[in-house]
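[1] here's a sequence, model it:
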Amino acid sequence: MDEEILLKIGLTKNEIKVYLMLLKNEPLLAGRIAKLTYLNRSHIYDILKSLIEKGLVSFIIKANRKYFKSASPERLSAYIEEKEGKIKEEKQIIQNLIPELLKIYTTHKDKKIEAYIYEGKKGIMTIFEDILKSDVKEWLAIASSGKAPQQLPFYLPHFHKKRIKSKINLKVLINDDKEGKERGKELSKMTLTQVKYLPSKFITPISIYIYNNKTAFIIWNLPIALMIENKETTDSFRDHFEVLWKS
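    Residues are numbered from 1 along each chain as shown. Now for the predicted structure:
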């Protein structure tokens, strides 16, 4: 693989080494990553932090220990789009590289990861990108007070254009307060979008996204997200959503 391509889009040599190694493996502890990459353990945390900020790595907590995992290679395309002064040539190169990286990434996907954590704005953007590529027909959202636009003011309009183009219907329950109503009016103007308001007794400080077999909980003021991939859990939240929607 031509690692020069990844260097060209702004990753360092050590970030590339860690990212490609994580593509091939189940979630790993930092110490194990250091051994497999032959990098100094004291530097591994800085490298992982940088990759998390870029939205290319997330982590899960097992028995109070942090295990790191790579995001899908498709995230690289979104990363290019976010860069200031993006180069069209770079984007095309990455699009050509993604199938090769996906072959590496999917070799260990038979084992289901049940929960993982995304930190920072770019980490949360990974969830939005996952919604787009998950081939869903409907996305359900309990969206608190419309905090998302405050954190992702430039990204969200772009995301919703893609969502509508992909014919993904959004049903959103939003807090019945001033901020929620303002966001609700904006969303109501979009096609394939239905909005209802939560009574005060159900108002929530977090957003909950439900799609496919995944449920994401987002705390926007941090920002941080917990993603649970489990059919039974998601079906339960989907039923809960529908009860609130009908009421």
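[2] so where is the protein shaky, pLDDT-wise?
    For the chain, the stretches with pLDDT under 70 are 1-2, 82-97, 106-113, 145-146.
[3] please enumerate the helices of it.
    Along the chain, counting by DSSP state H, helices occupy 4-8, 13-23, 30-37, 41-53, 75-82, 88-105, 120-133, 148-151, 155-165, 178-188, 231-246.
[4] turn these into a markdown table, columns for mean neighbour count.
    From N, CA and C alone the C-beta is placed, and that goes for glycine too. Formatted as a markdown table, those follow (neighbours: other Cβ atoms under 10 Å):
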| stretch | mean neighbour count |
| --- | --- |
| helix 4-8 | 15 |
| helix 13-23 | 20 |
| helix 30-37 | 16 |
| helix 41-53 | 16 |
| helix 75-82 | 19 |
| helix 88-105 | 14 |
| helix 120-133 | 20 |
| helix 148-151 | 17 |
| helix 155-165 | 16 |
| helix 178-188 | 16 |
| helix 231-246 | 13 |
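[5] quick one: closest of those to Ile224.
    helix 120-133 (7.6 Å; Cβ to Cβ).
[6] the closest one to helix 41-53, inter-axis angle?
    Helix 120-133 and helix 41-53 are oriented at 50 degrees to each other (axes from the mean of the first three to the mean of the last three Cα atoms, to 10 degrees).
[7] what residues does helix 120-133 touch?
    52-55, 58, 71-72, 74-75, 78-79, 82, 118, 139, 151-152, 155, 159, 162-163, 166, 168, 209, 211, 214, 216, 218, 223-225, 227 (Cβ atoms under 8 Å, 6 or more residues apart in numbering).
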